[in-house]
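return atomic coordinates for the entry below.
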Amino acid sequence: MTSPENFSFIRYLAAKKSLDDRSLNRHVFNSLSRSLASLSTSGPLQVLEVGCGLGAMVERLLDWGLLRRGAVYTAIDLEPENIAAARERLQDYALQRGYPSREEAGVLCWRLERGRRFCLVLEAIDLHDFIRREQGRQTWDLLIAHAFLDLVDLSATLPSLLFLLKDGGLCYFTLNFDGSTIFLPYLDAEFDRRIEDLYHQTMDYHHWKSWPSTQSQTGRRLFHMLPAAGASVLAAGSSDWVVHPGPDGYPQDEAYFLHFIIHTLASALDGHPRLPRKRFREWVEQRHRQIKEGRLHYIARQLDFLGHINKDLG
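Below you'll find the predicted structure:
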């Protein structure tokens, strides 16, 4: 076996941070920065992130200067183990950055440069339970969903998510998958395309639907679904994942990231009637071997969006 014997989702989330950092569209990010600078708020900036994972977006937005004026940042995730790992990771992050920190009633509060205050609320909760609890309050100035919207029923979830925002608020939706997965070099072009097509189809069948959806094309769908839900698109751009080996191999822990991607694909397609079992198993083994040898290249097409909420459009 050329892949890791055991796979950890926590390690996968940590491994992809370096990749996400270089993949995020800077035009969209800079548009967000300008929009936040001109946003008028009566108190601290209120930020909500859904599907927060390990809290990498918190680190990123602080390191990239977006939240240095302070904020109240609410981060939710379905999995308690993700929230526990995020709490530990972000406490270490604050220590490394030299931010004085204390915990107040379960809320992590840091003192940033110039005495600015940053408070972090972490909660393990189902998204739909959270929406039901918070519906109508319109608490947040900025809503973030990072590599998340292609995991949910977009047509049912997006309108209620946007309704959590204040009128005039912003939504920053990043790394939305848009229908293309490429592994290079090709082993057998026809068989590779069949695997990729079938893998995308697994994204389009969910337990909440008895007919296909189009989750594998979430990126392009947002161009019309955001305005339909009451958000004008202020900026959009590509944020493709591109992983390739350099002279010293893959950056940081991105070899593990690739092993996890192949493992995820293999698990999703295990036993598929259109894939001969032995041949598919050999394909998976070859891909893991290519990663170990530093020969696999991986591309996934994705799109970033910045939206502005206008309740009159909904």
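
tell me which element the residue of the chain positioned farthest from its centre falls in.
Ranked by distance from the centre of the chain (Cα atoms, centre = their mean), the top residue is K278, with 33.3 Å. Using DSSP states H and E, K278 sits within helix 277-292.

buried stuff in the helix or strand just after that helix?
As assigned by DSSP H and E, the chain's next helix or strand after helix 277-292 is strand 297-309. Buried residues in strand 297-309, counted by 16 or more other Cβ atoms under 10 Å: Y298, A300, R301, Q302, L303, D304, F305, L306, G307, H308, I309. Quick note: C-beta positions are derived from backbone N, CA and C, even for glycine.

bridge partners for the fourth one, pull those for me.
What it means is Q302. F177 (DSSP bridges).

does it touch F173 like I think?
No. Using Cβ atoms under 8 Å, Q302 makes no contact with F173, being 10.6 Å away.

identify all contacting residues around the helix holding K278.
1-3, 183, 187, 191, 195, 250, 255, 258-259, 262, 265-266, 269, 271-272, 296 (Cβ atoms under 8 Å, 6 or more residues apart in numbering).

that one to strand 297-309, inter-axis angle?
80 degrees (axes from the mean of the first three to the mean of the last three Cα atoms, to 10 degrees).

pLDDT on helix 277-292, on average?
Mean per-residue pLDDT for helix 277-292: 98.

and it, C-alpha only, in PDB?
Taking Å, rounded to 0.1, in the frame of the first residue of the first chain, the C-alpha atoms of helix 277-292 are listed here in PDB:
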ATOM      1  CA  ARG A 277     -13.200  -3.400  -9.500                       C
ATOM      2  CA  LYS A 278      -9.700  -4.700 -10.200                       C
ATOM      3  CA  ARG A 279      -8.900  -2.100 -12.800                       C
ATOM      4  CA  PHE A 280     -10.100   0.800 -10.500                       C
ATOM      5  CA  ARG A 281      -8.200  -0.500  -7.600                       C
ATOM      6  CA  GLU A 282      -5.000  -0.600  -9.700                       C
ATOM      7  CA  TRP A 283      -5.800   3.000 -10.900                       C
ATOM      8  CA  VAL A 284      -6.100   4.200  -7.200                       C
ATOM      9  CA  GLU A 285      -2.800   2.400  -6.300                       C
ATOM     10  CA  GLN A 286      -1.000   4.000  -9.300                       C
ATOM     11  CA  ARG A 287      -2.200   7.400  -8.200                       C
ATOM     12  CA  HIS A 288      -1.000   6.900  -4.600                       C
ATOM     13  CA  ARG A 289       2.300   5.700  -6.000                       C
ATOM     14  CA  GLN A 290       2.700   8.700  -8.200                       C
ATOM     15  CA  ILE A 291       2.200  11.000  -5.200                       C
ATOM     16  CA  LYS A 292       4.900   9.100  -3.200                       C
END
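
now it: buried residues?
Judged by neighbour count (16+ other Cβ under 10 Å), helix 277-292 contains these buried residues: F280, W283, V284, R287, H288, Q290, I291.

let's have the residues you listed in TSV, adding distance to Q201.
TSV is the format used below for the buried residues of helix 277-292 (distance: Cβ to Cβ, whole Å):
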residue	distance to Q201
F280	15
W283	17
V284	18
R287	19
H288	23
Q290	24
I291	24
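
in the stretch 201-314 of the chain, where is pLDDT below threshold?
The model of the stretch 201-314 of the chain has pLDDT under 70 over residues 206-214, 312-314.

how much space between the closest residue to H297 other than its chain neighbours and A268?
The shortest distance from H297 to any non-neighbouring residue, by Cβ to Cβ, 6 or more residues apart in numbering, is to L184 (4.1 Å). The gap separating L184 from A268 is 20 Å, by Cβ to Cβ, to the nearest Å.

likewise for V242?
Counting by Cβ to Cβ - V242 and A268 are separated by 22 Å.
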